[in-house]
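Undergrad: turn this into a model:
(4 chains)
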There are 2 protein chains.
Amino acid sequence: MQLEEAQQQFIANWGAFGSHWGINRTMAQIHALLLISPDPLNQDDIMVKLNISRGNVNMNIRDLIDWGLVNRILIPGERKEFFSAEKDIWKVATQIVKERKKRELDPMLRLLDQLEDVEGDKSDKHIKQFTETVGSIRRFGLQADKMLDGLVKAEENWFLGNLMKMFR
Amino acid sequence: MQLEEAQQQFIANWGAFGSHWGINRTMAQIHALLLISPDPLNQDDIMVKLNISRGNVNMNIRDLIDWGLVNRILIPGERKEFFSAEKDIWKVATQIVKERKKRELDPMLRLLDQLEDVEGDKSDKHIKQFTETVGSIRRFGLQADKMLDGLVKAEENWFLGNLMKMFR
DNA sequence: TCAAAATTTCACTAATTTTTGAAATTTCAG
DNA sequence: CTGAAATTTCAAAAATTAGTGAAATTTTGA
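TA: The predicted structure follows:
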């Protein structure tokens, strides 16, 4: 396969993949483009390569930076800002885990905590089923939370980090 | 908090939560409703409780069944079909992992496998970066694949299954 | 300080996804 | 069999989400 075609395929599919994960298609495509670019790109490069508007590039780049997946790069002598993606996939993964945990899991756990104690007759089957379901989801969530914390810590920890490199 | 209010909160938030995970809001809400219902419900029950149309209930229930999260229940003497959700959260989680792996991860790995060998000068930096990125994502994906297989197996395996129960 | 270049914002438009509801089909008790 | 009840389908409508592009703002080199 030719490089050009392979690149297109990668970008298109990474976009579709991302959209299953709550990331919008264009954001994932910009991310894909930056992942396979050896050098940083500026907004115009991205506009041209993906054929999207300036505003669109700007907004999605900003989101990618908020997610911690892309960095602004200052190139001496250049007026424009350049952007480059974190290339270490393990870092990318832990970064995504960290953000989603913060944005989704943590708030959900806080809610479940509140919902677990409803008023009323504990032997009523509706109350019983409700507290049982909420309780078991909450316990499951707390486990997951711990596990993910461990995963993120592993990346930040030098020794474990090096151990993990074996799997990359 | 009163049961009614807690139930509404749970359903609404489970719906929002689901929508971050590629599951549509209504499907997640139906799932939530069934999770907290002590007895199976029929399509009319769901229509009324969530205030949505018959067609919508029907389609989303069918999807939930495809995902293996909900079962059809035949109640003797009843003409209508009833539905009930798998209540064991660990089973729910492994079921979701299994399905998403099949629908998303596996096809992505197959694609990356094809993309890894592009034609051309291996010392060109664009080719270099492309194969490096694709290769590292692929290796990462293979690891994840193995890990998730292990997770699903653990549920299906009696001994590990029991071990895992300690975490529920 | 000035003005050209670069970046950001945002009202509007486009595209996509979800929901409805009525018609078509299937099921089943009598 | 028959026909009423239940389920399924699907074209159209509604709702949601994403993208555009021009105007507003900010930055920077001279």
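Undergrad: pLDDT below threshold where in chain A?
TA: A:155-168 (pLDDT under 70).
Undergrad: domain map for it?
TA: A:3-85, A:89-165 (automatic domain parsing).
Undergrad: now those domains as a markdown table including distance to B:L111 and mean neighbour count?
TA: No exception for glycine: its C-beta is placed from N, CA and C like everyone else's. Formatted as a markdown table, these follow (distance: least, Cβ to Cβ, whole Å; neighbours: other Cβ atoms under 10 Å in any protein chain shown):
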| stretch | distance to B:L111 | mean neighbour count |
| --- | --- | --- |
| domain A:3-85 | 6 | 17 |
| domain A:89-165 | 16 | 15 |
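Undergrad: turn the ones you listed into a markdown table, including distance to B:H31.
TA: Converted to a markdown table, the domains of chain A look like this (distance: least, Cβ to Cβ, whole Å):
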| stretch | distance to B:H31 |
| --- | --- |
| domain A:3-85 | 17 |
| domain A:89-165 | 11 |
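Undergrad: against B:L109, how distant is the closest residue to A:A144 other than its chain neighbours?
TA: Spatial nearest neighbour of A:A144, excluding adjacent residues (Cβ to Cβ, 6 or more residues apart in numbering or on different chains): A:L105 at 6.8 Å. Distance of A:L105 to B:L109, computed by Cβ to Cβ, to the nearest Å: 26 Å.
Undergrad: on the three-state scheme, the residue nearest to A:A144 is what?
TA: In three-state terms, and counting by DSSP: H, G, I helix; E, B strand; the rest coil, A:L105 is helix.
Undergrad: who are the packing partners of the helix or strand containing A:L112?
TA: Per DSSP states H and E, A:L112 falls inside helix A:106-115. Counting by 3 or more Cβ pairs under 8 Å, 6 or more residues apart in numbering or on different chains; DSSP states H and E, the packing neighbours recorded for helix A:106-115 are helix A:125-156, helix B:3-19.
Undergrad: of all those, which lies closest to DNA strand D?
TA: Nearest of the helices and strands packed on helix A:106-115 to DNA strand D, taken as Cβ to the nearest atom of the strand: helix B:3-19 at 6.3 Å.
Undergrad: name the residues that touch the closest one?
TA: By Cβ atoms under 8 Å, 6 or more residues apart in numbering or on different chains, the surrounding residues in contact with helix B:3-19 are A:22, A:104, A:108, A:111, A:115, A:118-120, A:126-127, A:130, A:134, B:1, B:24-29, B:31-33, B:35-36, B:50.
Undergrad: and for stretch A:23-40?
TA: Here stretch A:23-40 makes contact (Cβ under 8 Å, 6+ apart) with A:7, A:10-12, A:14-19, A:41, A:46, A:49-50, A:52, A:56-57, A:60-61, A:63-64, A:69-70, A:73, A:75, A:82-85, A:87, B:125-126, B:128-130, B:133-134.
Undergrad: only alpha carbons, please: show that stretch as CSV.
TA: Extracted as CSV, the C-alpha positions of stretch A:23-40 are listed here (Å, rounded to 0.1, in the frame of the first residue of the first chain):
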residue,chain,number,x,y,z
ILE,A,23,-14.8,12.0,21.0
ASN,A,24,-16.1,13.7,17.9
ARG,A,25,-15.0,12.5,14.5
THR,A,26,-13.1,15.6,13.5
MET,A,27,-11.2,15.8,16.8
ALA,A,28,-10.1,12.2,16.4
GLN,A,29,-9.0,12.9,12.8
ILE,A,30,-6.9,15.9,13.8
HIS,A,31,-5.4,13.7,16.5
ALA,A,32,-4.7,11.0,14.0
LEU,A,33,-3.1,13.4,11.6
LEU,A,34,-0.8,14.8,14.3
LEU,A,35,0.1,11.3,15.5
ILE,A,36,1.5,10.4,12.1
SER,A,37,3.2,13.8,11.3
PRO,A,38,6.9,13.7,12.0
ASP,A,39,6.9,17.5,12.4
PRO,A,40,4.5,19.8,14.2
